[in-house]
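Novice: Predicted model and sequence below, questions to follow.
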Amino acid sequence: MGHIDHKAEAPKSVGCAVITISDSRTEDTDESGRYLTAALKENGHAVLAYRLLKNDAPAINKAIAGFAGDVSVKVIITTGGTGLSHRDITVETVSGLLDKEIPGFGELFRLLTWESIGTPAIMSRALGGVISGKIILCLPGSINAVKLAAEKIILPELGHLAREAGR
């Protein structure tokens, strides 16, 4: 059985949690979180939770641990906090929680970003991994980056990712 068979057997609807991590956004200004939530729903997935958190490691850890322990959540997607500034701590915080990293997620995202905007793609620290049998994907906060990741990587593979992580 190969990847085509695995993908064909993957669930068409997956329970997701969306976390926006930002010191400056509010629910009214969080267009990346709003876009991601809408795109997941439009593609048949259930968005079971949405959180807007500051760049605060204990708060991020607590939210992710809660979603990792929720049997209905299969995928956790964060947006924001992946930049290079001293306040951007998503990657450092989430990396310490991973059971497995999915290097191909970040590599493919940076390739697609390079094709879109060129060399600034080197500053992307998008991260994918597995925590307690759940997929976690950490995206930059920009709406263009979230759209790129959602449309080119996440939505086409979401069920497949959830299936493989849960086996």
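Specialist: Received the coordinates, thanks. Numbers count the residues shown, from 1 in each chain.
Novice: use CA for all of it now, contacts and neighbours both
Specialist: Fine.
Novice: I'd assumed V14 was in contact with L158.
Specialist: Yes: in terms of Cα atoms under 8 Å, L158 counts as a neighbour of V14; the distance is 7.5 Å.
Novice: any idea how far G83 is from P120?
Specialist: Distance check for P120 against G83: by Cα to Cα, to the nearest Å, it reads 11 Å.
Novice: Those two: which has the busier surroundings?
Specialist: The residue with more neighbours, out of P120 and G83 and counting by other Cα atoms under 10 Å, is G83; that gives 18 against 11.
Novice: which SSE is that one in?
Specialist: With secondary structure defined by DSSP states H and E, G83 is part of neither a helix nor a strand.
Novice: Now do the same contact list for it.
Specialist: If a contact means Cα atoms under 8 Å, 6 or more residues apart in numbering, then G83 has M123, S124, R125, P140 as its contacts.
Novice: what's the answer for L98, then?
Specialist: With contacts defined as Cα under 8 Å, 6+ apart, L98 is in contact with G129, V130, I131.
Novice: Show me what the second one is bridged to.
Specialist: With beta bridges defined as DSSP bridges, V130 has these partners: K100, I135.
Novice: Test my guess that it contacts K100.
Specialist: Yes: with contact taken as Cα under 8 Å, V130 and K100 are classed as touching, separated by 5.1 Å.
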